[in-house]
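Just need the structure, nothing else, for what follows:
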Amino acid sequence: MFVSLTISALLVIITVAIHMFGLGVLMGVMKSRSRHIKPHDSSLRQAVFIVLLVLGLFSIHALEIWVYALAYIFLGEFSDMATALYFSTSTFSTLGYGDVIMAPQWRIVAAVEGVNGFLLLGWSTAFLVTVIGRLRAIEFDWLDRLTDGE
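The predicted structure is shown next:
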């Protein structure tokens, strides 16, 4: 049990670090590109900006899922990457179909992955809502300045 808890803790640390770094990169890209894209200028630009942000978040989660899948392969739990990725994705998203199961000694790792995925997905949701809220605030501020100038 100690080994599986230790592995779980390490995987949580790695995926949280990936998430924090990934969100930092996304923020940096958004700051540098928003001056050129000007998402507040049009609904289409804003939509493209949000779609690119969602794809960035999806990529971060995909990397985190791969980390768990690789751990399962390393632990000898699954013999092929397709099964490890399938299991990791369904566990990370807390969907958990139950058609692929872990050996008893590693089930705690899967349970922790579910909690970890739940928290990281929530963190991404909060990030996305914040960015969209700020876009809306900028848009309304920009419209206010435009109409005040008339």
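
so is Gly24 in a helix, a strand, or just coil?
Counting by DSSP: H, G, I helix; E, B strand; the rest coil, the backbone at Gly24 sits in helix.

biggest helix in this structure, by residue count?
Assignment by DSSP state H gives helix 107-148 as the longest helix of the chain.

How far off centre is that one?
On the basis of C-alpha atoms, centre = their mean, to the nearest Å, helix 107-148 sits 11 Å off its chain's mean C-alpha point.

what about this protein, any weak spots by pLDDT?
Counting by pLDDT under 70, the ranges of the chain that qualify are 34-41, 138-150.

residue nearest the centroid of it?
Residue closest to the mean C-alpha point of the chain, counted by C-alpha atoms, centre = their mean, is His61 at 3.7 Å.

Against Ile132, how distant is that residue?
18 Å (C-beta to C-beta, to the nearest Å). From N, CA and C alone the C-beta is placed, and that goes for glycine too.

now Trp106
Distance, Trp106 to Ile132, by C-beta to C-beta: 38 Å.

Those two: which is more packed in?
Trp106 (18 against 14; other C-beta atoms under 10 Å).

What residues does the more buried one make contact with?
Going by C-beta atoms under 8 Å, 6 or more residues apart in numbering, Trp106 touches Ser4, Tyr72, Leu75, Glu77.

thought the residue nearest to the centre of the chain was touching Phe92?
Yes: contact status for His61 versus Phe92: in contact at 7.3 Å, counting by C-beta atoms under 8 Å.

SS state for Ser79?
coil.

any idea how far Ser90 is from the closest residue to Phe78 other than its chain neighbours?
Spatial nearest neighbour of Phe78, excluding adjacent residues (C-beta to C-beta, 6 or more residues apart in numbering): Ala84 at 4.2 Å. From Ala84 across to Ser90, the span is 11 Å (C-beta to C-beta).

coming back round to it: which neighbours do His61 and Phe92 have in common?
Common contacts of His61 and Phe92 (C-beta under 8 Å, 6+ apart): Gly117, Leu120, Leu121.

Would you list the buried entries among these?
The neighbour-count test (16 or more other C-beta atoms under 10 Å) marks Gly117, Leu120, Leu121 as buried among those.
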